[in-house]
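S.K.: Build me a model:
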Amino acid sequence: MPFPTALVAAYLGRPGATAAAALYSATYCCIAIVYNALWRHASRDRRLLDSAASPAAIAEIDRSYRFGPPLYGLAFLLAFVNLTASLLTCLALAVFFSITGSRSRR
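M.R.: From the prediction side, this is the model:
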């Protein structure tokens, strides 16, 4: 994510900020879609999961990953309407995934 992040930092408050924020959120949206596909493949019938993985942890990861693509898609659309709302949505998702990720490792 260094390149889209650097673009946002370089263009924030300047012409081109909308395009930078759109690219930033679109990149996260694509990553979330690929992450979901990878997780679905790995967790289907527990084929690539550790046999000790608890069903509750698997279900929690399933639930939390569902939020990524639609909300990053929303952040992408918001980039064209309200730049601040778009970037705050991305920040909120980063916080959300850091919290849910640390809970699922317990």
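S.K.: what about the residue lying closest to Leu12 once chain neighbours are set aside, helix or strand, and which?
M.R.: The shortest distance from Leu12 to any non-neighbouring residue, by Cβ to Cβ, 6 or more residues apart in numbering, is to Ala20 (7.5 Å). To be clear about C-beta, it is placed using only N, CA and C from the backbone, and glycine gets the same treatment. Counting by DSSP states H and E, the element that carries Ala20 is helix 17-43.
S.K.: That helix: how far from the chain's middle?
M.R.: Helix 17-43 has its C-alpha centroid displaced from the chain centroid by 6 Å (Cα atoms, centre = their mean, to the nearest Å).
S.K.: Please apply the same query to stretch 56-64.
M.R.: 16 Å.
S.K.: just for the chain, where's the confidence low?
M.R.: 102-106 (pLDDT under 70).
S.K.: Just give me the neighbour total for Ser64.
M.R.: 16 (other Cβ atoms under 10 Å).
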